[in-house]
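Trainee: just coords:
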């Protein structure tokens, strides 16, 4: 993962400010049904690791979207703030939250098997199905 220095941003109304010290410069799109329902389209996000800080935490609402992840949003303006894996506290954050977009590269798409026919991105990217993605996180057996 290549990192941008410190990435700073905020929600639409400014009630929540974000600082991510290890934001990847690689942007991905998630086409899963839940992300599309959450935001009305593909979720364009950058991996930000676990070192993310927030100002205005009292304005953050959290929704437990699965056994392994939660989603955060501003309770005042509704801006989507993060998708976070619970096991390792890894944040994936909407890239549009951040003030600086220089050097970002759209390079991968996940849940490509759930992407509807009505849109398509022109960029050449690495494309993973949901099964491909989950296989990357499967525990390694002792026999391997």
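Mentor: Structure's in. What do you need? Keep in mind that what you see is a predicted model, and the values were worked out from it rather than measured. Numbering: from 1, shown residues only.

Trainee: Show me which residues of stretch 17-32 are buried.
Mentor: 18-20, 22-32 (16 or more other C-beta atoms under 10 Å). Glycine gets a C-beta too; all of them are placed from N, C-alpha and C.

Trainee: any idea which of those is the one closest to residue 121?
Mentor: Proximity of the buried residues of stretch 17-32 to residue 121 (C-beta to C-beta) peaks at residue 29, which lies at 6.7 Å.

Trainee: wait, what's in contact with that closest one?
Mentor: Shown in contact with residue 29 (C-beta atoms under 8 Å, 6 or more residues apart in numbering): 42, 43, 44, 45, 106, 108, 109, 110, 121, 125.

Trainee: okay, it: pLDDT?
Mentor: The model reports residue 29 with a pLDDT of 98.

Trainee: and the next element down the chain from the helix or strand hosting it?
Mentor: In the assignment (DSSP states H and E), residue 29 maps to strand 26-30. Proceeding N to C from strand 26-30, the next assigned helix or strand is helix 33-39, under DSSP H and E.

Trainee: What is that following helix packed up against?
Mentor: Helix 33-39 sits against strand 80-85, with contacts defined as 3 or more C-beta pairs under 8 Å, 6 or more residues apart in numbering; DSSP states H and E.

Trainee: Give the other helices and strands that the strand it packs on contacts.
Mentor: By 3+ C-beta pairs under 8 Å, 6+ apart, strand 80-85 packs against helix 33-39, strand 43-49, strand 69-74, strand 90-94.
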